[in-house]
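S.K.: Quick one, structure for this:
(chains A and B)
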Amino acid sequence: MLVVAGIIFLGTLGLLIIGWLRRGTPGLPFFGQSERANVGLVIAFGMAIPATVLIALFIVSDLYVMGQTDAPPADQTELKLTVVGHQWWWEVRYPESGVVSADEIHIPAHTSIDVVARTADVIHSFWVPELNRKIDMIPGQNNRIELYAERPGAYRGQCAEFCGLQHAHMAFQVVAEPKASFERWLESQSRPAAEPTGALAERGMELFDENACAGCHTIAGTPAEGTIGPNLTHLASRGTIAALTVANTPHELGRWVRDPQSIKPGAKMPGLALTDADFHAIVAYLDGLR
Amino acid sequence: MEATAPPASRTRTERLERIWKEPSGVLGWITTTDHKRIGILYFFTAMTFFAAGGIEALLIRTQLIGPNNTVLSPAEFNQLMTMHGATMIFFFVIPLSTGAFGNYLLPLMIGARDMAFPRLNALSYWIFLCSGIFVYVGLLTGNGPSAGWFDYVPLASKTFSPGPGIDFYALGLIFNGISTLAAAINFIVTIFKLRAPGMSINRMPLFCFAFLAVSFALVFALPPLTVALFFLELDRLLGFHFYDIFRGGDTILWQNLFWIFGHPEVYIIILPAFGIATSIIPTFVRRRMVAFPLVALAEILVALIGFGVWAHHMFAIGISTITAIYFAGASLIIVIPSAIQLFAWITTIVTGMPRFKTPLLWIIGFIVLFVMGGLSGVMFAAIPFDQQLTDTYFVVAHFHYVIFGAAVFPLLGGMYYWFPKVTGKMYYERWGQASFWLTFIGMNITFFPMHILGLDGMPRRNYTYSPDLGWTGLNLIETLGSYLLAMGLVVVAVNLIVSIFRGEPAGDDPFGGDTLEWSISSPPPAYNFAVLPTVSSPYANWDEEDRKLDKEKLEQGIEVLDQGHETAASTVVDGEWDEILEMPSSSPWPPLLAIALAGIFAMVLLKLWLAAAFFAVLVGLVLVAWHGGEPQEA
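M.R.: Prediction:
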């Protein structure tokens, strides 16, 4: 496509240059001042050649490639998962095993995966450029797209439909792993949250459940059952927080919990009025959720 | 010219002068119904919005100059990004091309003395001005719309955009739509009925064909937009559920209605530019257009096929493959009429003897950029390609090549071309050429790298990006390019403004123009033509015999129409003599009606229903007064 476009562009430029070189001479090279030759030229370049190129493009891209790359029927894929877009993060569900995660999609490599793309609020668009095209997430619709990673590795994905204030910070990571390690990951994610170890983390858990945190977040096996924000059951196993906005290190996590609005202005998570010691405890608790 | 005219002619032109004279000073401009003055008002207003949209663009580019930049907050960025798009499309390109160029030139090219409905024409302008101010009150009070110019629901619903920003946008565009629709109808009637007797439809300049096509497209494209916006405001202000999927509405309805308007809109933006190109090229290459009938047909076809391609903006929403394939096919077909025009221009240039003066340079630039934008546009008709690159910077690159390159370049070229006609002064040629090169180079530095960023996965409308994505260098280049581009435009503005005061006198026809506006003085008299011009081809001003005949007719007092405020009407196709029309003269009612209408929209926005009803009554009273003073049928 690029080559054909390049040839057409240079050809047109060439004609204009001929126009400039022959600025003192009326008529065409070879054909002279015949009006019929002029109209013939318009018909050849303006109708015949474009029609040929366009028909070829239509057949190749819209009939052949579309037929080849259509998502396979859902019952022919080996793994199903549901991704729900939220302002401004991604909820990832594995319906067969009940695992719920956020912003990080683990998949087995060399496996055809059926992704159902939905939204909890406005229109988002699910897009992993290196793995497939994009599919919009539209209220009331269950759109489907196939994910297939030929090689294990990390692939960046992001929201491609403008979805409000923090559209720019709505990215995610697809982690394609060999099948065995994917199974191990799935198994570990399906367990309830790790118990807090040490007095500080236990204090953090108490604070988490007493304060607004538990109203929005779920941590499986604890009283925290909110569904507005990401599921934090295995937060510490994820590489980033806030939809790839910052790395998931204790330091960044501390910054985020203290004042999310300074990192991602407009995010739905409020900053809480707690003491430094309390924040410290909450971060210690969250950091233990492997 | 007047001084050397024979005495009989002079008496007649002086008489016309008296009949067509409008009040002087500011009052004259406010109450004017002269299409030329209205065109000039449109011009300055649209250029003011161009400056506003340009400043918004520069702020956006400055925010994106480096990663994690904080020149703008996300809220500010989203408002500016939305307003940039809305301003450039609704308050700059369309008003400038139809309102300013169309208004000023169309009656001159067809040998008429005014538009068919002069007061409606004035009303169009005042509504345009009021609606523009209406929308900008939102931005300037910190309540700018921020859901993008295509304003998708549910993001634009009350739930997700609770502030008044979207209301400013939606009500402002409904308001503005009245103006555009009235202007379109006015153009259609003017082109069909007010051509000088003798100008049958095949003797009409291609510029007028383009405007005819645009006007019809507007008449059919605007209602879906107005309906879409009206539904949105019912949802937002009164709790209706047109777009609420969970209460029986439909989210996708908005996208369908918006793009049924939105894609024809692209051709509405670009067709006037095509018309300008087909005016400038014959003059500067000193030959008639190649394949005139094909080009005229292609202009109409583009507008027509443009209505069958809207869903190619929606390939990623999960529509069925067969629907997508239909719309992809239709989108490919529309390339052909565009290609016909393109190669007609190029062949005309190659076979003529072009003089590469400023106006033609802009047209050459336009051709190059249009080919670029067209080729990248064709790629989006390949569905897999579209689904990969839609909503990335590749699209941003594509439509800026089309809208800025292919629509605005001819408008800038047209400004230079008709500047001597409108002002009677000549611009500075060297500065004109310099402004072209600055803008052309700046434009390519700004927008070409966006193709690469899009292919590299940068989504559009991101207020910032992370330094580890590798997008920093190209973004920096783009921003620097945009400063160069802005400089080019400043040179255009300075050149033209200085030339108004200090330019050399230009004479009536400095370029050897082909159409009728070049047969009269610069600037044209209020009555445009002293006699009904004789027309026997689309290149009327090149028919010297006819122009001699006009002088004789004036001398002998034939077809002068000096018994009142008169112009001639002719039949739709053959342009045969029909009747003499008594035209209305200056009136205070159009601006007053526009202000009263603005009152309704402002009160609806504030949900002050009683006050809105008061303004509605006021609108009724103004209409009564307006029609009370209308000239009666004899």
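S.K.: Do a quick rundown of the helices in the stretch 251-400 of chain B.
M.R.: B:251-285, B:292-305, B:321-333, B:335-351, B:358-379, B:383-389, B:393-400 (DSSP state H, counting those that start in this stretch).
S.K.: With distance to B:Tyr427 as extra columns, can I get the ones you listed in a markdown table?
M.R.: Heads up, the C-betas are built off the backbone N, CA and C, glycines and all. Listed next are these as a markdown table, based on distance: least, Cβ to Cβ, whole Å:
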| stretch | distance to B:Tyr427 |
| --- | --- |
| helix B:251-285 | 14 |
| helix B:292-305 | 28 |
| helix B:321-333 | 39 |
| helix B:335-351 | 22 |
| helix B:358-379 | 7 |
| helix B:383-389 | 40 |
| helix B:393-400 | 26 |
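S.K.: Of those helices, which is nearest B:Pro164?
M.R.: With Cβ to Cβ, the closest approach to B:Pro164 among the helices of the stretch 251-400 of chain B belongs to helix B:251-285: 19.2 Å.
S.K.: Just the CA atoms of stretch B:538-557, as CSV, please.
M.R.: What follows is stretch B:538-557, C-alpha atoms only, in CSV (Å, rounded to 0.1, in the frame of the first residue of the first chain):
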residue,chain,number,x,y,z
PRO,B,538,-17.9,30.2,-18.5
TYR,B,539,-14.9,32.4,-19.1
ALA,B,540,-17.0,35.5,-19.5
ASN,B,541,-14.2,38.0,-18.9
TRP,B,542,-12.1,36.5,-21.7
ASP,B,543,-14.9,37.1,-24.2
GLU,B,544,-13.8,40.6,-25.3
GLU,B,545,-16.7,41.2,-27.7
ASP,B,546,-19.2,40.7,-24.9
ARG,B,547,-17.5,43.2,-22.6
LYS,B,548,-17.5,45.8,-25.4
LEU,B,549,-21.2,45.1,-25.8
ASP,B,550,-21.7,45.8,-22.1
LYS,B,551,-20.2,49.3,-22.5
GLU,B,552,-22.5,50.0,-25.5
LYS,B,553,-25.5,48.8,-23.6
LEU,B,554,-24.8,51.2,-20.8
GLU,B,555,-24.3,54.1,-23.2
GLN,B,556,-27.6,53.3,-24.9
GLY,B,557,-29.4,52.6,-21.6
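S.K.: What residues sit buried inside that stretch?
M.R.: Of the residues in stretch B:538-557, B:538-543, B:546-547, B:549-550, B:553-555 count as buried by neighbour count, 16 or more other Cβ atoms under 10 Å in any protein chain shown.
S.K.: Over to stretch B:200-208?
M.R.: Going by neighbour count (16+ other Cβ under 10 Å), the buried part of stretch B:200-208 is B:Ser200, B:Ile201, B:Arg203, B:Met204, B:Pro205, B:Leu206, B:Phe207, B:Cys208.
S.K.: Show me which pair in these is furthest apart.
M.R.: Those two in those that are separated most widely, counting by Cβ to Cβ, are B:Ser200 and B:Phe207, at 16.4 Å.
S.K.: Domains in chain A, by residue range?
M.R.: Using automatic domain parsing, the domain parsing of chain A gives A:2-69, A:79-189, A:199-286.
S.K.: most tightly surrounded among these?
M.R.: Per-stretch averages of neighbours, counted by mean count of other Cβ atoms under 10 Å in any protein chain shown, single out domain A:79-189 among these, with a mean of 20.
S.K.: That domain: how far from the chain's middle?
M.R.: Centroid separation between domain A:79-189 and its chain, computed with Cα atoms, centre = their mean, to the nearest Å, is 7 Å.
S.K.: can you tell if it touches chain B?
M.R.: Yes. Interface with chain B: domain A:79-189 contributes A:87, A:121-123, A:125, A:127, A:129, A:133-136, A:138-141, A:143-144, A:156, A:158-168 (Cβ under 8 Å from any Cβ of the partner chain).
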